[in-house]
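Student: Sequence and predicted structure are below.
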Amino acid sequence: MDSLGRRKCMCLSMITGGFSCFLVIAFSQSGEFGKSVSVVFALIGKMGLSAAFSVVYIYSCELIPTVVRNSGIGFCSICARIAGILAPMATSLGFFNMYALFGFTSVISGVLNLKLPETFGMTSPESIDDVENRTTNKQPTSTTMVDSETVHDMEERISMLQNTDTSVT
């Protein structure tokens with residue numbers, strides 16, 4: 001995760017899981033060998049989606065600003081639990097439709113994940129303004145622009161303080 005970054009790792013694992021679901025559909029119709037290959041692809045898909053599940057908690061903590069992080073992670077957790085409750089109901093769609101649904105949503109999620117900013121090596125946003133002002137791949141800045149007149153005034157005050165310190169001693 002540190003070499004690829006959170007965004008690419010999430011995208012790669014989601015797309016791997018999604019395409020594996022499509023390959024399960026393709027190979028499951030072709031005899032005994034095809035069923036064995038479809039089991040391999042099902043396990044590869046499970047691996048990809050499990051990796052995405054592991055990355056999503058780290059990534060979402062780094063995306064959500066500090067002031068709303070508890071609420072944001074709680075909302076993400078609620079959505080995950082609801083999806084976990086609804087997932088077994090997908091078996092009623094039938095074998096092919098179920099794998100097509102999971103494959104399609106995984107691939108779409110992986111591609112849409114590329115729209116999110118990379119968070120590896122960046123400071124976590126402290127406020128909602130930090131998130132709104134952050135560009136896709138740049139570090140959020142909290143620097144204040146100071147004009148040259150203010151700098152000159154500050155330098156004069158510092159020199160006056162230094163002069164008073166030397167005259168006192």
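Tutor: Structure received. Since this is a predicted model, take the numbers as computed values, not measurements. Numbers count the residues shown, from 1 in each chain.
Student: who's in contact with the most centrally placed residue in the chain?
Tutor: Centroid-nearest residue in the chain, with Cα atoms, centre = their mean: Tyr59, separated by 3.8 Å. Residues near Tyr59 by Cβ atoms under 8 Å, 6 or more residues apart in numbering: 6-7, 10, 116, 119. Yep, even glycine has a C-beta here, placed from its N, CA and C like the rest.
Student: Relative to Ser50, how far out is it?
Tutor: Distance from Tyr59 to Ser50, counting by Cβ to Cβ, to the nearest Å: 15 Å.
Student: same question, Phe27
Tutor: From Phe27 to Ser50 the distance is 21 Å (Cβ to Cβ).
Student: Then Ser159?
Tutor: With Cβ to Cβ as the criterion, Ser159 and Ser50 are 63 Å apart.
Student: do the same with Ser13
Tutor: Relative to Ser50, and taking Cβ to Cβ, Ser13 is found at 8 Å.
Student: tell me which residues of the one helix or strand Leu43 maps to are tucked away?
Tutor: Secondary structure from DSSP states H and E places Leu43 in helix 31-63. Neighbour-count burial for helix 31-63, counted by 16 or more other Cβ atoms under 10 Å, picks out 37-38, 41-42, 44-45, 48-49, 51-52, 55-56, 59-60, 62-63.
Student: repeat for stretch 108-115
Tutor: 109-110, 113.
Student: I'd like those laid out as a markdown table, including distance to Thr91, secondary structure and pLDDT.
Tutor: Below are those laid out as a markdown table (distance: Cβ to Cβ, whole Å; DSSP: H, G, I helix; E, B strand; the rest coil; pLDDT from 0 to 100):
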| residue | distance to Thr91 | secondary structure | pLDDT |
| --- | --- | --- | --- |
| Ser109 | 21 | helix | 92 |
| Gly110 | 23 | helix | 93 |
| Asn113 | 27 | helix | 91 |
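Student: quick check, nearest of those residues to Phe19?
Tutor: Checking the buried residues of stretch 108-115 against Phe19 with Cβ to Cβ, the nearest one is Gly110 at 9.3 Å.
Student: need the helix or strand of this structure with the lowest average pLDDT.
Tutor: In the chain, no helix or strand scores lower on mean pLDDT, DSSP states H and E than helix 148-168, which sits at a mean of 76.
Student: Can you pull out the residues in contact with that helix?
Tutor: Residues from elsewhere that reach helix 148-168, judged by Cβ under 8 Å, 6+ apart: none at all.
Student: What is the helix or strand encompassing Met14 packed up against?
Tutor: Assessed by DSSP H and E, Met14 sits inside helix 6-27. With contacts taken as 3 or more Cβ pairs under 8 Å, 6 or more residues apart in numbering; DSSP states H and E, helix 6-27 sits against helix 31-63, helix 95-113.
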